[in-house]
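**Student:** My questions are about this predicted structure, shown below with the sequence.
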Amino acid sequence: MSSVVACILIVDDTPSARETLGAQLLPEGYRLEYAASGAEALERAGALKPDLILLDVMMPEMDGYEVCRRLRDTAELAEIPIVMVTSLDDRASRLVGLEAGADDFLSKPVDRAELRARVRTITRLNRYRLLSVERKEAEQERARLLLEVTQAYDATIEAWSLALEIRDLDIQGHCRRVAEMTVKVAAAMGLAGDDLVHIRRGAFLHDIGKIALPDSILRKPGPLTHEEWESMRRHPEVAYELLSKISFLRPAITIPHCHHEKWDGSGYPRGLAGEEIPLAARIFTVVDVWDALSSERSYNGAWDRADVTAYCRDQAGSHFDPQVVDAFLGVLEREPSGPVGA
Ligand SMILES: [Fe+2]
C-alpha cells in the first residue's frame, strides 16, 4: 500500500471480462492492475500488495479457488480482501469459495452499481485495517525504543557508580547491593512502578557526589581532619548540583541529596527531620548503614546479623525512621543470611 489511491487487482483469463470490470471501476479513480491467469495473479499480488483482488473463478491451469488458497497461505498476502467474480451462483460453489478464503462474491454479469458500492466499502475497510496495523506497529516500535533508551540510561548510571567503586576499594559491590535492597524495602512499604525505578537509580548514585573528592580524602585509611570532613560532607550537595541538570535523573535525586539526613534532625546537609526527609532517602539510609556494617571494610570487620539488627533497632527514632526499620527488618527476615543482597 504505497500510495493513497487504493489499488485493485483484476484477475480474469478473458480479456473482455477484464476490460469490462476495469471500465466500470475506472471513473472511481482507483489504480487498476490486471492479471490474465492464476500464476500471474499470485506474482502480481506479491509485487503490488493490492487493497482488493477481484478474482475470476473459472480459469485454466489454476482456478480462482486455488489462487485464493495460495494467497491465504502466504503470510504477507493473507489479509488482502478477495472478491470472487463468478457465473456460478449455486450454493456449493460459494461454499468452496468461502473455504478457500474468499471474502465476498459478485455474480457475472456484474451489476455496475453493485460492483462500485461493494468495492468502495471493502477498500475503505481495508484502509482502516491497514492504518490500525500501522498504528499498532508504531506503538510497538515506540515501546521498543523506550526500553532501549531506559536500558542505556541504567547502564550509564551503573557505570558511574562503578567508577566510584573502582576509586574507593572499600565499597566493592556496595551500590548494586544497596540498590537492590532499597527497592525491596520500598516495595514492601507499598511503593511501586516509576517510584521504584527512580529509587533504584537514586540508590545506585547515592554517593556520586564523592566523585569530586580527591583520593587523599576518599582513600584515606585514618580519621579525616576537620577540613577533610567538611569536604566529605559536601557530597550530597555536589550530587544535587550534578544530577539536577539531568532531567531523567531529577526524580531520583532525593537519595543522593538526603541520604545523610537523620530522623531526629541531626544529619546533613540541611538538617531535615522526620517526614521532611523524603521516604526514599529514609529507606535508603537504613539499607546503606546495614550494608556498611555487614561488609568487610578497611576500618572495621563485618558485623554479624544479630549485632546489625540490634543496632538498627537501637537507632530507630534517632538516626532512622522507626517505620522504615520495621519494614527493613521484615524484608531482612526473608533474605538468606550473609551481607545484604550478597
Ligand atoms: Fe554518602
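**Tutor:** Yep, it's here.

**Student:** Please give the number of neighbouring residues around the residue nearest to residue 72 when sequence neighbours are not counted.
**Tutor:** Spatial nearest neighbour of residue 72, excluding adjacent residues (Cβ to Cβ, 6 or more residues apart in numbering): residue 101 at 3.7 Å. Backbone N, C-alpha and C define where each C-beta goes, glycine included. If you count neighbours by other Cβ atoms under 10 Å, residue 101 ends up with 18.

**Student:** swap in residue 314?
**Tutor:** Residue 314 has 12 neighbours, counted by other Cβ under 10 Å.

**Student:** Please, where are all the helices along the stretch 51-200 of the chain?
**Tutor:** Secondary structure of the stretch 51-200 of the chain (DSSP state H, counting those that start in this stretch): helices located at 64-72, 91-100, 112-167, 174-188, 194-204.

**Student:** try the stretch 201-342 of the chain
**Tutor:** Assignment of helices within the stretch 201-342 of the chain using DSSP H, counting those that start in this stretch yields the ranges 215-218, 226-232, 235-243, 254-258, 279-294, 305-315, 322-334.

**Student:** okay if I get the ones you listed as CSV plus mean pLDDT?
**Tutor:** Rendered in CSV, the data for the helices of the stretch 201-342 of the chain read as follows (pLDDT from 0 to 100):
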stretch, mean pLDDT
helix 215-218, 88
helix 226-232, 93
helix 235-243, 95
helix 254-258, 97
helix 279-294, 96
helix 305-315, 93
helix 322-334, 95
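
**Student:** Deepest in the core, which of those is it.
**Tutor:** helix 254-258 (a mean of 26; mean count of other Cβ atoms under 10 Å).

**Student:** Pull the contacting residues for residue 277.
**Tutor:** The neighbourhood of residue 277, defined by Cβ atoms under 8 Å, 6 or more residues apart in numbering, consists of 258, 261, 263, 267, 321.

**Student:** nearest to residue 6, of the helices of the stretch 201-342 of the chain?
**Tutor:** helix 235-243 (53.6 Å; Cβ to Cβ).

**Student:** Could you measure from the residue of the chain positioned farthest from its centre over to residue 185?
**Tutor:** For the chain, the residue at maximal distance from the C-alpha centroid (Cα atoms, centre = their mean) is residue 16, at 55.0 Å. Residue 16 sits 81 Å away from residue 185, taking Cβ to Cβ, to the nearest Å as the criterion.
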